[in-house]
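Participant: Let me see the structure of the following:
(chains A and B)
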2 protein chains.
Amino acid sequence: MDEKEISQAVISRLPRYYRYLGELKFEGVERISSQELSELMKVTASQIRQDFNNFGGFGQQGYGYNVEYLYQEIGKILGLDKKHNLIIIGAGNLGQALANYMNFERRGFIIRGLFDCNSRLHGTIIRDIEVQPMEKIKDFVKENDIDIAVLTIPKASAVDVAEQLVQYGIRAIWNFAHVDLNVPEGIQVENVHLSDSLMRLSYNINRYDSELAKKNSAENA
Amino acid sequence: MDEKEISQAVISRLPRYYRYLGELKFEGVERISSQELSELMKVTASQIRQDFNNFGGFGQQGYGYNVEYLYQEIGKILGLDKKHNLIIIGAGNLGQALANYMNFERRGFIIRGLFDCNSRLHGTIIRDIEVQPMEKIKDFVKENDIDIAVLTIPKASAVDVAEQLVQYGIRAIWNFAHVDLNVPEGIQVENVHLSDSLMRLSYNINRYDSELAKKNSAENA
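Facilitator: Okay, here's the model as predicted:
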């Protein structure tokens, strides 16, 4: 199989499969058919089969998929069988929330360092990790084999900081700053633009209202 | 124009247009061609024109779009010309981070209340808002015309709390809990599944590595 062919749409659905399979596994379910998985996840069975066929189909038998095997295989595809060392740049509320979130660690994302430009935060301890000044990032990245940087800083400084991180050898950026980053090829970026998400919610409320209004005025006409 | 025809893919691109147009406006740019916007946003000009045609095209002239007009119109489509009253359920680090984020307020999303089941947090003041116990949600929603609830609570309680919120009259949920919610038709949900996002990043690192390895082994063969 040639992974180059796999669309980002398929990729973006994989974590959801992984999440549901993890829960099935936790509940002790051993096998599941694409039909049952389809009902649980509210996607069509044909979508599930198509998605899985991108990875060779995961050997579905007449009586369904082996949950444990499927969970492990999707985990491998997602790179969750490897450990990643993370630093968080920006130790405000959001940075602290992410540092405190144990689930990431369970999946192999280990938070090694916290950095902030605000000197009042330096020395603060969050889950055994001390907040350090920005000047320490460079050496820390090299000495601790850091591959992922989490950016929870304002957009004004995010572009410059991202550029420096790439120079220091960071391979991937999980970007919460409300700005698109320009990075060289080979550096992976995943954006979490919270305002964009909130605006999509607002759009859907608005659209529902205007459709309802149209419907009502058609009924009263 | 019939808004029913507009795909979620187009919708999910609108906030990004809005963001770029806001910056152009801030920089004093008055007009921009689809070609210039295309270079700035790194999407094709034809994609931009197609997206905008869903909304009547926004009257592009030979010399481009009027930035202010386009910004206002996309804002209206996103429902940003209306105010929304929000409550945050879960006043931990993430809830506090969201409460402190001024940008939401600028866009018309006003945070009115904060709730948590942890009694040690009750009475804590975050940006003039006092954290209240969960039992207060019901009356608060009715008395303060709340339409959006932000869920920053663990997944174990999120499904039940969401169900209650819907009964109390909430119209939309911005869901940070790591679980998919079942809500009746007409209730809007926007999920921010942070672990899913981190797994996509991990996938992309992993894929890049394996492609590089393949390329290197082909070169050395």
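Participant: List the buried residues of stretch A:115-134.
Facilitator: A:F115, A:D116, A:L121, A:H122, A:I126, A:I129, A:V131, A:Q132, A:M134 (16 or more other CB atoms under 10 Å in any protein chain shown). (C-beta placed from N, C-alpha, C; glycine too.)
Participant: Farthest-apart pair in those residues, please.
Facilitator: With CB to CB as the measure, no two of the buried residues of stretch A:115-134 lie farther apart than A:I126 and A:M134, at 16.5 Å.
Participant: least trustworthy position among the buried residues of stretch A:115-134, going by pLDDT?
Facilitator: The lowest pLDDT within the buried residues of stretch A:115-134 belongs to A:I126, with 92.
Participant: Contact partners for that one?
Facilitator: Applying CB atoms under 8 Å, 6 or more residues apart in numbering or on different chains to A:I126 gives the contacts A:A91, A:Q96, A:A99, A:N100, A:L114.
Participant: Kindly recompute the last result at 10 Å.
Facilitator: The contact partners of A:I126, taken as CB atoms under 10 Å, 6 or more residues apart in numbering or on different chains, are A:I88, A:A91, A:G95, A:Q96, A:A97, A:L98, A:A99, A:N100, A:I111, A:L114, B:N93.
Participant: which residues pair with it across the strands?
Facilitator: A:I129 (DSSP bridges).
Participant: does chain B sit close to the lowest-mean-pLDDT helix or strand in chain A?
Facilitator: Sorting the helices and strands of chain A by mean pLDDT, DSSP states H and E puts helix A:102-106 at the bottom, at a mean of 82. Yes. Counting by CB under 10 Å from any CB of the partner chain, chain B is contacted by helix A:102-106 at A:N103, A:F104, A:R106.
Participant: number of nearby residues for the first one?
Facilitator: The reference is to A:N103. 13 (other CB atoms under 10 Å in any protein chain shown).
Participant: ok, and the closest non-adjacent residue to it?
Facilitator: Once flanking residues are discounted, A:N103 sits nearest to B:S195: 5.9 Å by CB to CB, 6 or more residues apart in numbering or on different chains.
Participant: Now name the helix or strand holding that neighbour.
Facilitator: helix B:194-220 (DSSP states H and E).
Participant: So for that helix, what gets flagged as buried?
Facilitator: B:194-208.
Participant: got it, and stretch A:7-18?
Facilitator: Neighbour counts over stretch A:7-18 (16+ other CB under 10 Å) mark A:V10, A:I11, A:R13, A:L14, A:P15, A:R16, A:Y17, A:Y18 as buried.
Participant: What is the neighbour count of the residue lying closest to A:L165 once chain neighbours are set aside?
Facilitator: The shortest distance from A:L165 to any non-neighbouring residue, by CB to CB, 6+ apart, is to A:A149 (4.9 Å). A count of nearby residues for A:A149, using other CB under 10 Å, gives 25.
Participant: Would you agree the residue nearest to A:N103 is in contact with A:M102?
Facilitator: No. Contact between B:S195 and A:M102 fails when scored by CB atoms under 10 Å: they sit 11.1 Å apart.
Participant: returning to what we had before: mean confidence for the helix holding B:S195?
Facilitator: For helix B:194-220, the per-residue pLDDT averages 89.
Participant: give me the element A:G113 is part of.
Facilitator: Per DSSP H and E: A:G113 is located in strand A:109-115.
Participant: Quick check: the nearest residue to A:L24 once chain neighbours are set aside vs chain B, distance?
Facilitator: Leaving aside its chain neighbours, A:L24 sits nearest to A:V67 (5.0 Å; criterion: CB to CB, 6+ apart). Separation of A:V67 from chain B (CB to the nearest CB, to the nearest Å): 18 Å.
Participant: Sounds good, over and out.
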